[in-house]
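Visitor: coordinates for the following, if possible.
(chains A and B)
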Amino acid sequence: MSAPLSETKGSGPAAGGASNAQANTNVLEGNAEGQSEPKRRQKNMTRAQRRELQESQRAAKAADAEKGGERGGAKGKSTAKPSEAHRSASGAPGRPRRPTESGDTPSRATFTSSRSAGRDARDSTYGGDDGNTQTRGLRIFSHFGLPKAPSNVKGDIHPAIIRLGLQFSTFRITGANARCIATLTAFKTVIQDYSTPPNTTLSRHLMTHLNPQINHLVTARPMAVSMGNAIRQLKLEISNSDIDMPEQDAKDLLCRKIDNYIRDRIIFADQVIQDSAGQKLRDGDVILTFARSSVVEKVLLRAHGDGKRISVIVVDSRPMLEGKHLLSVLTSAGIPCTYLLLPALGSVIGQASTVLLGAHSLHADGAVYSRAGNALVAMLAKTHSVPVLVCCETYKFAESVILDGFTKNELAPTGDIFRTLPSVIRRDRLTLDPSPNLEIRSPLYDLTPPTNITAVVTEVGIIPPNSISSVPLTLGRQATYNSASVFDGV
Amino acid sequence: MSVPSSPVDSLRRASQFDINGAYRRILADEKISTPLAAILALTELIEQSNAGTMFELVQALHEGAEALRKQYRNSISINAGCELFIAFVTLFPHESASFNDLKIELVKQGREYANEALSYREKIAQQALGFIKDGSVILTHSYSRVVMQALLLAHNQKRISVYVTEARPRGLGLDRVKTQEALATAGIPCTVVLDSAVAYVMDKVDLVLVGSEAVVESGGLINAVGSNQMAIIAKAANKPVYAMAESYKFHRLFPLSQYDLPTHTSNVLSFPRQPARPSVSKSFPSSPIKPTAQRHPSSQATFFSEYQMTPEQIRLNPEVDYTRPDLISLVFSDVGILTPEGVSQYLVGMFAG
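Guide: Below you'll find the predicted structure:
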């Protein structure tokens, strides 16, 4: 599920993305320059005036769209992904404009709805188009975040963060662990490049400097629980940093703390998880896993390295087909693998001796929030009484409870879901024509209830899902003890 | 055990201490259960050892525990005791002036704990009292000291009657007599039922009361084989299953299935290897028609059915099984009346903190 730790393998795409990011940054900065003037004016306006201005801008956009569809329709932000617009425009030459419009609407809809007056924007756009109200998308999905390239850079955003935002939104870096490590590494650069303005202290000002950076990342893709926990810890460290310490020392200390966090909570945790999950894998076992999780991958490789004769069933699902990567890693390591898609799971689940899953986050009631499809695998495994083990570090624990995978979710990128299909089948028979009555939506995550999970493998041991609430408590208590003692000292 | 050499003198001395002998001597006391006996044996080991550092001492303890473990096919409850004690020793605050003082203190603490632990059963029996109504019919499995104590206590105040299973293979000789005899002498109406008659008797029963060898981290329990099926049948009949376990039986182990238990070997439930084809028709070992008593006339008592399993056949069978937490209603222990989730939370809180 997650990309390899960005330090090593991630460097490939990261380097590739660098030039991209650089180019985009320039564009974006240009944008920011251009927008800064009206923005400043907006601040002084009343609410009604601002609304009026928005309406007029919208009308202008709609008129723009009427005039030239080939320019990417009403997309004012077309700079971010011109290729997509171009592709969908050329994909259906018979109807050059309509598909472009409707193909773009999902992204645009969520895009604008996240702003203040998104609903009006949609209505007016469609109203200006042809008045066909049927083309309105499924409103119930409108709250799902769709990853998007952050178009306008507000405030003083560090280039490393802008780059990271682009990597997140284009799914170059995916997976809770990889995203967390990448974020923390980028923050290290931000902290090193930061200098405290006069008349303030690092412990107070750095936080206000970091907040826009974090917001920028959140606009690129909703925050992962792992990132949230790490950032909370970082903020705690910042507020605890000594006022009297020289600035460079304080920054170095913070960077060291970040390194320690990555080492203790992710890398060492993964090693312990490899050990304890490995104890549950035996010679001749058939391990079933879904999509790709960096921890599961390591567990399997370690078990194989320890000389256990295991074979792996990799279950995968569209649109991301992340399991393919896991498959290539496992097969090149010499582990016998079977690859199949989720619909075929029912026929092989009986052969599996253990199901190993990864997790995006783990909630207080023991529910696992993970890549869409995991819930189905766990449910089927439960009905076939195959033990389900979820590998998850404790820093992915969330104190919240979510009840389903619907209230909070993201959408998987819909860009090229069919690219990965075998070329024997003619492409136009597979692609769904984006028509006004069709919307393609694939939620990125789902929620596995604790009843379908046998155990969670964490660095503090193998524990049943419904008692994880006692683990973050102890960890959290430690944190509060530390801070309390620091406060006492001050 | 190890080659004697001068630098590891203390370790050698420690290993010279006959931990198995001590264990067996302690276990001979009727009141002391296996984990407690293991704890007391390790306490004696500390007393005898002349380890000069904590590291040596812990190493000696680990070796002692290992020696103890190797002696028995089913070492789960020994392991629970050993792990608890070793964790206690490693976490014990080093406040004593000298290491010898520390050792004396550890021995004292170990003894005190064992003494205190002897009162746990009484506490548990007291807790269970509220769950046993007047006129209850109770089903129990095999022989468990804590269950016996609970039943005897309940008998003093309420009218109860008890069905006890035969609990083969362990219950064959000693245990069946033990549970039933002890109950009968106390004047409790008691009937022995076949292991295969559990489903038959279940509808007549108000509650199921079982002891345990170990309570594991999932909240499930490990007990004499047959407990699992009893719990499954009870669940199907909507009867409550109460498990009783002293807190020293809480064990940091997470079995995913029956075959994930440490007692499970490739030998258990393996199919008999058949030497040649013709012999199959002549004597198929698991065939019920074959009167096995004739094959071992000397080793089998005459009153045994001729359809009795041979010792070899019994050896292919498991001694203990694992009961899933969702089949258990409550666990009575000296730390309180816990739900299975509560047990796992207690264990996680104790070890994972």
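
Visitor: now the strands for the stretch 1-150 of chain B?
Guide: B:136-140 (DSSP state E, counting those that start in this stretch).

Visitor: what are the ranges of the helices in it?
Guide: All helices of the stretch 1-150 of chain B, identified by DSSP state H, counting those that start in this stretch, fall at B:9-16, B:19-27, B:34-48, B:54-70, B:76-91, B:99-117, B:120-129, B:145-157.

Visitor: buried residues, the fourth one. List them.
Guide: Of the residues in helix B:54-70, those scored as buried under the neighbour-count criterion (16 or more other Cβ atoms under 10 Å in any protein chain shown) are B:56-57, B:59-61, B:63-65, B:67-68. For every residue, glycine as well, the C-beta is placed using N, CA and C.

Visitor: same deal with the third one?
Guide: Burial within helix B:34-48, assessed by neighbour count using 16+ other Cβ under 10 Å, is assigned to B:34-46, B:48.

Visitor: name the nearest of the buried residues of helix B:54-70 relative to chain A.
Guide: Nearest to chain A among these, counting by Cβ to the nearest Cβ, is B:Ala65 at 18.4 Å.

Visitor: neighbours of the nearest residue to that closest one once chain neighbours are set aside, how many?
Guide: For B:Ala65, ignoring the flanking residues on the chain, the nearest one in space by Cβ to Cβ, 6 or more residues apart in numbering or on different chains is B:Cys82 at 3.8 Å. Residues lying near B:Cys82 (other Cβ atoms under 10 Å in any protein chain shown) number 23.

Visitor: Provide a list of residues in contact with B:Cys82.
Guide: Applying Cβ atoms under 8 Å, 6 or more residues apart in numbering or on different chains, we find B:Cys82 in contact with B:38-39, B:42, B:61, B:65, B:68-69.

Visitor: repeat that for B:Tyr248.
Guide: B:35-36, B:39, B:80-81, B:84, B:117, B:120.

Visitor: redo the helices of the stretch 1-150 of chain B as CSV? Include distance to A:Ala398 and mean pLDDT.
Guide: Formatted as CSV, these follow (distance: least, Cβ to Cβ, whole Å; pLDDT from 0 to 100):
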stretch, distance to A:Ala398, mean pLDDT
helix B:9-16, 47, 51
helix B:19-27, 46, 86
helix B:34-48, 37, 89
helix B:54-70, 37, 89
helix B:76-91, 30, 88
helix B:99-117, 38, 89
helix B:120-129, 36, 93
helix B:145-157, 40, 93
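
Visitor: to A:Cys255, which of the ones you listed lies closest?
Guide: Across the helices of the stretch 1-150 of chain B, A:Cys255 has its closest neighbour in helix B:76-91 (33.6 Å, Cβ to Cβ).

Visitor: next one: that closest one to chain centre, how far?
Guide: 15 Å (Cα atoms, centre = their mean, to the nearest Å).

Visitor: now stretch B:71-90
Guide: That offset, for stretch B:71-90, works out to 12 Å (Cα atoms, centre = their mean).

Visitor: and that stretch, C-alpha only, in CSV?
Guide: Extracted in CSV, the C-alpha atoms of stretch B:71-90 (Å, rounded to 0.1, in the frame of the first residue of the first chain):
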residue,chain,number,x,y,z
GLN,B,71,10.8,-31.6,30.8
TYR,B,72,7.2,-31.4,29.9
ARG,B,73,5.3,-31.7,26.7
ASN,B,74,2.8,-29.2,27.8
SER,B,75,4.7,-26.3,29.2
ILE,B,76,2.2,-23.5,28.8
SER,B,77,1.4,-22.9,32.4
ILE,B,78,5.0,-23.4,33.5
ASN,B,79,5.9,-20.8,30.9
ALA,B,80,3.3,-18.4,32.2
GLY,B,81,4.8,-18.6,35.7
CYS,B,82,8.4,-18.3,34.6
GLU,B,83,7.7,-15.3,32.4
LEU,B,84,5.8,-13.6,35.1
PHE,B,85,8.6,-14.1,37.6
ILE,B,86,11.4,-13.2,35.2
ALA,B,87,9.6,-10.0,34.2
PHE,B,88,9.2,-9.3,37.9
VAL,B,89,12.9,-9.8,38.6
THR,B,90,14.0,-7.6,35.7
